[in-house]
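*Asks:* coords below, sequence missing:
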């Protein structure tokens, strides 16, 4: 039993480390456009994002149940715990690779890819229907909704304020951006903190330390720990991805920043609370920025940067799965996993 407690403790630590890297990897999702248009300076924006993530983590646990019990099943044993550990290490590795290159890939899909890869490498059960319904379909739908929703909202705002004084309208849009950034931050916590809650709950279940069903509450200490980790990670957020989202993909202005953040946060709330789907905040905000930028015409979008982002999106699930499989292979070579 002592070895099980030790393994679970190590997995909880790694999961919170993933949550922390999720925070600084995805901090740009909520605030990049706000900083790019100078609605807020970087540090106050990061503080706003950290506070929003903290609040969002407490609003729902539907996504946590999907991740913890709807993607894979593993043996309730120490060997099953090594599967969960390999999944987390695979996701963290891919997160760090894409962060280093400044590519806004999805921490959510890295985690799903890690879980699926580790399960496949050890012949554990993968709920492919759950992966399709809760991951792959939302993975396609959410960026499309974000892109077209932001395009339509940008055009609507431009038409509504077409006769407004430019400087006055700009100030109003910047104020709206701050509110939208707060909403986006809450949505990020609502989505991404829950995914780590689900993995920790999975580890507790596999280790025989939690016996809740699909509708039983997530342990309170898990919610608090994940909320704190993602919030701290967000405040430590890096500039690489923030620059890509805020400046390198399109030339951002307040009306497009407001439109993209408003649409993206709405998508996050609806899919997390109503559908309990673990969607990518990164994909949603990036596609929303692209849709808002497209109102200026094709030449205003830096398609080379967009191509790099799309490549990272397509690679994330299989790459994280491969990383997780390699970690489990390493465990077996070292003789610590069956």
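*Replies:* Looks like it arrived, so ask away. None of the values given here were measured: they were computed from a predicted structure. Numbering: from 1, shown residues only.

*Asks:* For the rest of this, base every contact and every neighbour count on C-alpha atoms.
*Replies:* Noted.

*Asks:* give me the number of residues near residue 318?
*Replies:* 17 (other Cα atoms under 10 Å).

*Asks:* Surely residue 84 touches residue 204?
*Replies:* No. Proximity of residue 84 to residue 204 does not meet the contact threshold set by Cα atoms under 8 Å, at 10.4 Å.

*Asks:* Those two - which one has more neighbours?
*Replies:* A side-by-side neighbour count of residue 84 and residue 204, using other Cα under 10 Å, places residue 84 first with 27 against 24.

*Asks:* Could you pull out the helices in the stretch 51-200 of the chain for me?
*Replies:* Along the stretch 51-200 of the chain, counting by DSSP state H, counting those that start in this stretch, helices occupy 62-69, 78-100, 107-121, 128-131, 137-160, 166-188, 194-206.

*Asks:* right, so of these, which gets closest to residue 258?
*Replies:* helix 166-188 (4.7 Å; Cα to Cα).

*Asks:* Report all helices and strands that that closest one contacts.
*Replies:* helix 28-36, helix 42-56, helix 254-269 (3 or more Cα pairs under 8 Å, 6 or more residues apart in numbering; DSSP states H and E).

*Asks:* In this protein, where is pLDDT below threshold?
*Replies:* 1, 27-28, 104, 213-215, 237-251, 300-302, 305, 309, 338 (pLDDT under 70).

*Asks:* longest helix of it?
*Replies:* The single longest helix within the chain, with elements called by DSSP state H, is helix 303-333.

*Asks:* Please identify the deepest-packed of the helices and strands packed on helix 166-188.
*Replies:* helix 28-36 (a mean of 29; mean count of other Cα atoms under 10 Å).

*Asks:* Show me what it packs onto, helices and strands only.
*Replies:* Using 3+ Cα pairs under 8 Å, 6+ apart: helix 28-36 touches helix 42-56, helix 166-188, helix 239-243, helix 254-269, helix 281-293.

*Asks:* want to throw these into TSV with distance to residue 20?
*Replies:* Below are the helices and strands packed on helix 28-36 laid out as TSV (distance: least, Cα to Cα, whole Å):
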stretch	distance to residue 20
helix 42-56	11
helix 166-188	13
helix 239-243	16
helix 254-269	20
helix 281-293	15
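
*Asks:* Out of those helices, which gets nearest to residue 143?
*Replies:* Judging the helices and strands packed on helix 28-36 by Cα to Cα, what sits closest to residue 143 is helix 281-293, at 4.9 Å.

*Asks:* about what we covered before: JSON lines for the helices of the stretch 51-200 of the chain, including distance to residue 333?
*Replies:* Formatted as JSON lines, the helices of the stretch 51-200 of the chain follow (distance: least, Cα to Cα, whole Å):
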{"stretch": "helix 62-69", "distance to residue 333": "28"}
{"stretch": "helix 78-100", "distance to residue 333": "13"}
{"stretch": "helix 107-121", "distance to residue 333": "14"}
{"stretch": "helix 128-131", "distance to residue 333": "29"}
{"stretch": "helix 137-160", "distance to residue 333": "35"}
{"stretch": "helix 166-188", "distance to residue 333": "38"}
{"stretch": "helix 194-206", "distance to residue 333": "22"}
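
*Asks:* what's the closest of those to residue 308?
*Replies:* helix 78-100 (10.7 Å).

*Asks:* elements contacting the closest one?
*Replies:* Looks like helix 78-100 contacts helix 2-26, helix 107-121, helix 194-206, helix 239-243, helix 303-333 (3+ Cα pairs under 8 Å, 6+ apart).

*Asks:* next one: the last one to chain centre, how far?
*Replies:* In terms of Cα atoms, centre = their mean, to the nearest Å, the centre of helix 303-333 is found 15 Å from the chain centre.

*Asks:* Same question for that helix: list its buried residues.
*Replies:* Neighbour counts over helix 303-333 (16 or more other Cα atoms under 10 Å) mark 305-306, 309-310, 312-313, 315-329, 331 as buried.

*Asks:* For it, name the packing helices and strands.
*Replies:* helix 78-100, helix 107-121.

*Asks:* centre of the chain versus the longest one, how much separation?
*Replies:* To tie it back to what came earlier, the one meant is helix 78-100. With Cα atoms, centre = their mean, you get 15 Å for helix 78-100.

*Asks:* tell me the angle of that helix relative to helix 107-121?
*Replies:* 140 degrees (axes from the mean of the first three to the mean of the last three Cα atoms, to 10 degrees).

*Asks:* list the buried ones in helix 78-100?
*Replies:* 78-96, 98-99.

*Asks:* got the angle for it vs helix 303-333?
*Replies:* Using the same axes, to 10 degrees, helix 78-100 lies at 150 degrees relative to helix 303-333.

*Asks:* Tell me which residues touch the closest residue to residue 94 other than its chain neighbours, please.
*Replies:* Distance criterion Cα to Cα, 6 or more residues apart in numbering; nearest residue to residue 94, sequence neighbours excluded, is residue 320 at 5.7 Å. With contact taken as Cα atoms under 8 Å, 6 or more residues apart in numbering, residue 320 is in contact with 90-91, 93-94, 110-111, 113-114, 117.
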